[in-house]
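> This is a predicted model, with the sequence first.
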Amino acid sequence: MAEANNGALQTLIDVAEGERTLTVAEFEEIIADLETQTKYTIEDYNMFCTSEDIVVVCDTETEEFVQIEIPMSEGSDGDQEVIVTRDT
């Protein structure tokens with residue numbers, strides 16, 4: 001399993017749980033340290049960086065999947081919030 005900053009991973013968990021929002025710039029800073037196609041685990045969560053702009057977070061207790069991604073719209077800037085999609 002790859003090593004990553006637990007604070008950064010905890011931030012992704014907070015976003016997945018709806019406890020905070022994240023701008024594109026903040027998200028890009030976090031995923032810059034993650035390797036694509038690599039699984040990260042913290043507490044009861046697995047995270048998988050599927051590409052340079054998408055992270056999937058899985059709560060292993062509830063088996064809920066949450067995708068966090070950078071909007072694909074042209075002209076998106078660092079102040080725009082990331083898109084959070086929950087598997088329902």
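Yep, it's here.
> going forward, measure contacts between C-alpha atoms and count neighbours the same way
Noted.
> tally of neighbours for the closest residue to residue 38 other than its chain neighbours?
With C-alpha to C-alpha, 6 or more residues apart in numbering as the criterion, residue 38 has its nearest non-adjacent residue at 5.8 Å, and that residue is residue 48. By the criterion of other C-alpha atoms under 10 Å, residue 48 has 19 neighbours.
> Please work out the average pLDDT along whatever helix or strand residue 48 lives in.
Residue 48 is part of strand 45-51, with elements assigned from DSSP states H and E. Taken as a whole, strand 45-51 carries a mean pLDDT of 93.
> Please report how far the residue nearest to residue 38 lies from residue 20.
20 Å (C-alpha to C-alpha, to the nearest Å).
> Kindly report the same for residue 73.
22 Å.
> Looking at these two, which is more packed in?
residue 20 (11 against 7).
> Report the contact partners of the more buried one.
Applying C-alpha atoms under 8 Å, 6 or more residues apart in numbering, we find residue 20 in contact with residue 14.
> Surely it forms part of a strand?
No. Residue 20 is assigned coil when assessed by DSSP: H, G, I helix; E, B strand; the rest coil, not a strand.
> hang on, the earlier thing: tell me which residues of the strand holding residue 48 are tucked away?
Neighbour-count burial for strand 45-51 flags 45-49 (criterion: 16 or more other C-alpha atoms under 10 Å).
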